[in-house]
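J.: just to be clear, the model below is a prediction. Sequence and coordinates:
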Amino acid sequence: MAEITISEKDFQMFHEFFYKKTGIKFEKTKRYFVDKRLIDRIRARGFADFRSYFNFMRFQANGEEMQQLINVMTVNETYFFREEYQLKCMVFSLLPEIVGKKKIGSVVRIWSIPSSSGEEPYSIALYLLEYWPLIHSWDVEIVGSDIDTEMLKKAREGIYSPRSVQHVPPGLLKKYFKKVQDGCYQITEELRQSIEFTHVNLSDSADTKQYRNFDIIFSRNLLIYFDDLSRRQAADVFYDALNPGGYILLGHSESMSRISPIFKACKFPEAIVYQKPEGQNP
Amino acid sequence: MKKRKEVKPVEQDERKCIRDFEGLVTQLSDPDPQVRRWAARDLVEYGTEASTVLADQLLKESEKSVREAILTSMTFIGDSVTVEALVQCLRSEDALLRNEAIDVLKNLPEQVAPIMSGLLKDADGDVRIFAVNILEALRHPYVEQWLIEVIDRDPNVNVCATAVDLLAEVGTENALPSLLRLKDRFPEEPYIQFAVELALKRIRGE
């Protein structure tokens, strides 16, 4: 098989196109990562070089190959109870404030984006069931969203490696998972039924407009892949998706204050989170 | 916890107004800030057609969240009308508006580059300082050259001081002769002497 290479110009062309479509930028240090995945896709589609593949992908009517590329280019490394202090913050600090202002009978809505293969939204559900004393008094809706359709499929299946569940306490592992083939664990049917997984591209306003009325958003380690402009755009999406007084939790290395001035930083015992100010219309 | 099938999606479009260009322009003046915010977000779809109305609204908009949406849309559009409007904001007495304009202009290197030399020669020393502030994060290969030109000829000590601070971060050996000349141009200014020494040390890796 002839060797396929990605020239500097090819990389630049791909990089600009991918950024416009997804808001995700690749630094030059990621060149090896990008080249390898691009070459894999060129081979998988049976093309001899980058240019012919790129033209095919750009103009393919159903966009299937573009979605395949998104799937392989996005990073999906995660595990259950990652950055657990934020889950504690949700249960012990955020929810008491949120339900304290809600009418009895209304719904608490939580959005996990990117939900990757489901570890984060399922961790949220587990934490609520185990540690939030009011879980049986309030209806909770959890939505998990991702740009990667393969990850959404995995999330709906809910099957995880021992490494992925290594931080789940043994009692909870027994209670909410069953052992399946190859030493893996599948989360219970009831929990799988309790999360709505949806496909979302944060850079596509038509995609994001319907996401509204959330009380809490988890968006951890996503904005670090975006450039300044895409971060601003994402901050706008999150702002409009939140109820007034709603909260957003970012990854430990991320700060909303450096992205947008419209959120208020709130320091809780467990974590710093960002709030859409009260009195802003939903 | 609710079951998945019980989760009702939010209606596709709860907003009741017409979302065409004329409708969005009207909503940009609505008394409800949320309506104005959504109008500002949706106007981005109209590209350069929307530049002027967004720029006009920015100058009179008092609600922070609406200004943010306007600025994001303006950054995406990034045409000459947008850049000109943002440059006008640099002359505003409103410090917040000036800072917002600087932040947006930093993100428009290709559009800002052709007017940067003019900004750095503006009659108003404050505007020249703001232009140097834009260079701080402008991804453009001429940044160092522009800064060198500033310290070679700008008569205002504050403009030069701002430029030297930035050269200490981004300067190379190309800036060394101009830095040394700057020390001679302002021998009585202790901050310039200090800032130049610091920049020299950093560039020389001392």
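T.: Happy to help now that I have it. For clarity, every value in this text was computed on a predicted model and none was experimentally measured.
J.: what distance do you get for the residue in chain B that chain A sits nearest to to residue A:108?
T.: Closest residue of chain B to chain A, CB to the nearest CB: residue B:34 (3.9 Å). In this view, the C-beta of every residue, glycine as well, is placed from N, C-alpha and C. Distance, residue B:34 to residue A:108, using CB to CB, to the nearest Å: 22 Å.
J.: who has more neighbours, the two?
T.: Using other CB atoms under 10 Å in any protein chain shown as the criterion, residue B:34 and residue A:108 rank with residue A:108 on top: 24 against 17.
J.: which stretches in chain A count as helices?
T.: Using DSSP state H, the helices of chain A run over residues A:8-22, A:31-44, A:50-59, A:64-73, A:84-89, A:95-101, A:119-131, A:149-157, A:170-176, A:189-194, A:205-208, A:228-241.
J.: number of residues surrounding residue 182?
T.: Let's take chain A. 8.
J.: try chain B instead
T.: Counted with other CB under 10 Å, residues neighbouring residue B:182 total 27.
J.: what about stretch A:253-260 and chain B, any contact?
T.: Yes. Judged by CB under 8 Å from any CB of the partner chain, stretch A:253-260 comes into contact with chain B through residue A:260.
J.: separation between the residue positioned nearest the centre of chain A and residue A:222?
T.: In chain A, the residue lying closest to the centroid (CA atoms, centre = their mean) is residue A:114, at 0.5 Å. Distance from residue A:114 to residue A:222, counting by CB to CB: 5 Å.
J.: and for residue B:80?
T.: 33 Å.
J.: quick check: buried residues in the helix or strand of chain B with the lowest mean pLDDT?
T.: When the helices and strands of chain B are scored by mean pLDDT, DSSP states H and E, helix B:95-106 comes last with a mean of 90. Buried residues in helix B:95-106, counted by 16 or more other CB atoms under 10 Å in any protein chain shown: B:97-98, B:100-106.
J.: for stretch A:240-247, same thing?
T.: Buried residues in stretch A:240-247 (16+ other CB under 10 Å): A:240-243, A:245-247.
J.: now the helices for chain B?
T.: Using DSSP H, helices in chain B cover B:21-27, B:33-42, B:51-60, B:64-77, B:80-89, B:95-106, B:109-120, B:125-135, B:143-153, B:157-170, B:176-185, B:190-204.
J.: any chance of those helices in a markdown table, plus distance to residue A:4?
T.: Formatted as a markdown table, the helices of chain B follow (distance: least, CB to CB, whole Å):
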| stretch | distance to residue A:4 |
| --- | --- |
| helix B:21-27 | 45 |
| helix B:33-42 | 41 |
| helix B:51-60 | 42 |
| helix B:64-77 | 34 |
| helix B:80-89 | 41 |
| helix B:95-106 | 37 |
| helix B:109-120 | 31 |
| helix B:125-135 | 40 |
| helix B:143-153 | 36 |
| helix B:157-170 | 37 |
| helix B:176-185 | 45 |
| helix B:190-204 | 42 |
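J.: domains in the chain, by residue range?
T.: Unless you meant another one, I'm taking chain A. For chain A, automatic domain parsing gives the domain ranges A:8-73, A:84-275.
J.: think we crossed wires, I meant chain B
T.: Per the record, chain B has its domains at B:16-107, B:117-206, by automatic domain parsing.
J.: need the winner for burial among those.
T.: Among these, judged by mean count of other CB atoms under 10 Å in any protein chain shown, the one packed with the most neighbours on average is domain B:16-107 (a mean of 19).
J.: can you report how many residues lie near the residue lying closest to residue A:15 once chain neighbours are set aside?
T.: Leaving aside its chain neighbours, residue A:15 sits nearest to residue A:26 (5.9 Å; criterion: CB to CB, 6 or more residues apart in numbering or on different chains). Residue A:26 has 16 neighbours, counted by other CB under 10 Å.
J.: in contact with residue A:26: list those residues for me.
T.: A:15, A:18, A:33-34, A:73 (CB atoms under 8 Å, 6 or more residues apart in numbering or on different chains).
J.: and it, how close does it get to residue A:200?
T.: Distance of residue A:26 to residue A:200, given as CB to CB: 21 Å.
J.: surely residue A:207 and residue A:200 touch.
T.: Yes. Between residue A:207 and residue A:200 a contact is recorded at 5.2 Å, counting by CB atoms under 8 Å.
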